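A.B. asks: Sequence first, then the predicted structure:
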Amino acid sequence: MAVTTRPLTEAVGAEIAGVDLRNPSAADFAAVERAWHRHSVILLRDQKLDDDALLAFSRRFGELDPPPNQERGKISPPGYPDIYVVSNVLDAKGDPIGALGAGEAVWHTDMSYLDTPPDASMLFALEIPPSGGNTWFCGMQAACDALPPDLRARIEGRRIKHDGTYNSGGYLRKGVTPTDDPMAAPGAWHPAILKHPANGRATLYLGRRRNSYVEGYTRAESDALLEALWAHATQPQFLYEHKWRLGDLVMWDNRSTMHRRDPFDGAARRVMHRTQIKGGTKPLAYAA
Ligand code: OGA
Ligand code: MN
């Protein structure tokens, strides 16, 4: 089967067809990796992956990171500690089998509150609701290239504090003290503009809005600057909206994209299994 790659939008994303992820040849895998570096988000439909196959494919990109600490800690399927479950489904005791519930998950990039966040995450769709729950991706390299020069000048050479208090569903991470003070919050400092280690492109790196802070400004100045950056980055021309089908595998680059999820009917079921590829380096500053 010939491998084909079709861009999903101009800014971000490509669909790859003609690859069975259970058994990709070296050439297939090279094509997948190339598309991932070029488009930051890749979609492969109609995949048949059990957890072992999802792990085997994920490990071709490198060592895996364990799941994040979420509202109920780290939730994995029994025997699969490297898999993270995103789901609103309740178990027999009435506890969620996964994280993020059925509400909106606001714009974020995964685990940027760590000094070395994962390079990539991927989701495999096991159960999807009849409507809602679409996942949106934002191309942060295109957003960076299109930054108005005055806005770019205000962040060039600066770092942003990334919050580790709340997750994208708005839930407090297990065991963390609640705070709305970026200085008191657990988290990590990263350059506002990164250089992508694989393709060398500049990427705007915002992480999450809540409890974020740009160094060298007062809190009020930083908040106003962040509002302007977020309004710029989340414009429609930088976005791809993914409408899930069963068997979809979507992988994204956590350095060069952000994502968010629409809410869906909490009475419906949505089950996704996720893996995350350990970061090869700390996020690197882009020097013009
Ligand atoms: C994630 C995430 C959104 C979704 O798994 O990192 O943000 O669509 N998921 O489930
Ligand atoms: Mn996420």
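C.D. replies: Yep, that arrived. Ligands and ions are numbered 1, 2, ... in the order given.
A.B. asks: same for the strand or helix carrying residue 153, what does it pack against?
C.D. replies: If you go by DSSP states H and E, residue 153 is part of helix 149-155. For helix 149-155, the packing partners by 3 or more C-beta pairs under 8 Å, 6 or more residues apart in numbering; DSSP states H and E come out as helix 219-233. Every C-beta, even on glycine, is put in place using the N, C-alpha and C of the backbone.
A.B. asks: starting at the chain centroid, how far to the helix it packs on?
C.D. replies: 21 Å (C-alpha atoms, centre = their mean, to the nearest Å).
A.B. asks: Begin at 6, not 1, for the rest of this chat.
C.D. replies: Fine by me, first position is 6 from now on; the one you just mentioned is helix 224-238.
A.B. asks: that older thread, I'd like the average pLDDT over the helix holding residue 158.
C.D. replies: Here helix 154-160 scores 98 as its mean pLDDT.
A.B. asks: For it, buried residues please.
C.D. replies: For helix 154-160, a neighbour-count test (16 or more other C-beta atoms under 10 Å) marks 157, 159, 160 as buried.
A.B. asks: Look up how far residue 171 lies from residue 65.
C.D. replies: 32 Å (C-beta to C-beta, to the nearest Å).
A.B. asks: These two - which one has more neighbours?
C.D. replies: The neighbour comparison of residue 65 against residue 171 (other C-beta atoms under 10 Å) goes to residue 171, with 22 against 13.
A.B. asks: Any regions of the chain where pLDDT drops low?
C.D. replies: Where the chain drops to pLDDT under 70, the residues are 293.
A.B. asks: Alongside ligand 1, which residues does it contribute?
C.D. replies: Selection of the chain residues close to ligand 1 by C-beta under 6 Å from any ligand atom yields 91, 105, 110, 115, 126, 128, 140, 173, 264, 266, 277, 279.
A.B. asks: quick one, helices of the protein?
C.D. replies: Applying DSSP state H to the chain gives helices spanning 31-44, 56-64, 145-150, 154-160, 224-238.
A.B. asks: What is the last one packed up against?
C.D. replies: The one in question is helix 224-238. Using 3+ C-beta pairs under 8 Å, 6+ apart: helix 224-238 touches helix 145-150, helix 154-160, strand 218-219.
A.B. asks: Name the surrounding residues that touch the second one.
C.D. replies: Think helix 154-160. 149, 197, 198, 219, 230, 233, 234, 237 (C-beta atoms under 8 Å, 6 or more residues apart in numbering).
A.B. asks: Taking the stretch 156-293 of the chain, what residue is nearest to ligand 1?
C.D. replies: Nearest residue of the stretch 156-293 of the chain to ligand 1, counting by C-beta to the nearest ligand atom: residue 266, 3.6 Å away.
A.B. asks: Looks like that residue contacts residue 109 (just checking).
C.D. replies: Yes - judged on C-beta atoms under 8 Å, residue 266 makes contact with residue 109 at a distance of 6.6 Å.
A.B. asks: ok so, going back, using a markdown table, lay out the residues of the chain next to ligand 1 together with neighbour count.
C.D. replies: Below are the residues of the chain next to ligand 1 laid out as a markdown table (neighbours: other C-beta atoms under 10 Å):
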| residue | neighbour count |
| --- | --- |
| 91 | 24 |
| 105 | 22 |
| 110 | 22 |
| 115 | 24 |
| 126 | 24 |
| 128 | 22 |
| 140 | 22 |
| 173 | 22 |
| 264 | 24 |
| 266 | 25 |
| 277 | 24 |
| 279 | 22 |
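A.B. asks: mind listing which of those residues are in strands?
C.D. replies: Using DSSP state E, the subset of these located in strands is 91, 105, 110, 126, 128, 140, 264, 266, 277, 279.
A.B. asks: which residues does residue 95 form a beta bridge with?
C.D. replies: residue 101 (DSSP bridges).
A.B. asks: how deep is it tucked in, by neighbour count?
C.D. replies: That count, for residue 95 with other C-beta under 10 Å as the rule, works out to 11.
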